[in-house]
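Student: give me coordinates for this.
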Amino acid sequence: MTYEEHVVRRDDPVAAQPSTVVERRTAVSPSGGEVARRVITLIFGLIQSLIVLRIVLLLLDAREGNDLVAFILNASQLFVAPFEGIFRTSALASGGSILDIAAIAALVGWTILELICFWIVNVFRREPAV
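Tutor: Residues are numbered from 1 along each chain as shown. Below you'll find the predicted structure:
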């Protein structure tokens, strides 16, 4: 957090002191490191939410013809694609329900990448860590 203090002084020719404090304002704003941390949290939170929704929709055997389901599956595919092929199988099917192993690996992978980004931001912070 950045603290900025603004002091307004008034000269008083009668008083022995040269000036007196009339008003004191303190503005508190997040530092650059805090803003970067918040942006990283937002971006990775959206990615992780899409992947979790993908896992849930595939487990519940959601109808892929629905526009909302199709949008979530297509949008999350961008973030799951790099993790496909890590395991011998990318999905476990039981009836119509599918457990997407690649999506679970992607969720773990993106979370690790988020932690690495937090670490990098914390290395360059000027203020002491709380």
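
Student: which one is the residue nearest in space to the middle of the chain nearest to, not counting chain neighbours?
Tutor: Residue closest to the mean C-alpha point of the chain, counted by C-alpha atoms, centre = their mean, is residue 41 at 1.1 Å. If the residues on either side of it in the chain are set aside, residue 41 comes closest to residue 114, at 7.8 Å by C-beta to C-beta, 6 or more residues apart in numbering. Quick note: C-beta positions are derived from backbone N, CA and C, even for glycine.

Student: how close does that neighbour sit to residue 67?
Tutor: 29 Å (C-beta to C-beta, to the nearest Å).

Student: over to residue 60?
Tutor: In terms of C-beta to C-beta, residue 60 sits 17 Å off from residue 67.

Student: more neighbours: which of these two?
Tutor: residue 60 (12 against 7; other C-beta atoms under 10 Å).

Student: show me what contacts the closest residue to that one other than its chain neighbours?
Tutor: What sits nearest to residue 60 in space, not counting adjacent residues and going by C-beta to C-beta, 6+ apart, is residue 97, at 7.0 Å. Residue 97 sits next to 58, 59, 60, 61 when contact means C-beta atoms under 8 Å, 6 or more residues apart in numbering.

Student: specify the beta-bridge partners of residue 97.
Tutor: On the basis of DSSP bridges, residue 97 is bridged to residue 94.

Student: any weak-confidence spans in the protein?
Tutor: 1-24, 126-130 (pLDDT under 70).

Student: picking up where we left off before, who are the packing partners of the helix or strand the residue nearest to residue 41 falls within?
Tutor: Assigning secondary structure by DSSP states H and E places residue 114 in helix 101-123. When contacts are defined as 3 or more C-beta pairs under 8 Å, 6 or more residues apart in numbering; DSSP states H and E, helix 101-123 sits against helix 32-59, helix 67-80, strand 91-94.

Student: again, only using 6 Å
Tutor: helix 32-59, helix 67-80 (3 or more C-beta pairs under 6 Å, 6 or more residues apart in numbering; DSSP states H and E).

Student: looking at those helices, which is nearest to residue 26?
Tutor: Residue 26 lies closest to helix 32-59 among these, at 17.2 Å (C-beta to C-beta).

Student: circling back: redo the helices and strands packed on helix 101-123 as JSON lines? Include distance to residue 110.
Tutor: Compiled in JSON lines, those are given as follows (distance: least, C-beta to C-beta, whole Å):
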{"stretch": "helix 32-59", "distance to residue 110": "5"}
{"stretch": "helix 67-80", "distance to residue 110": "7"}
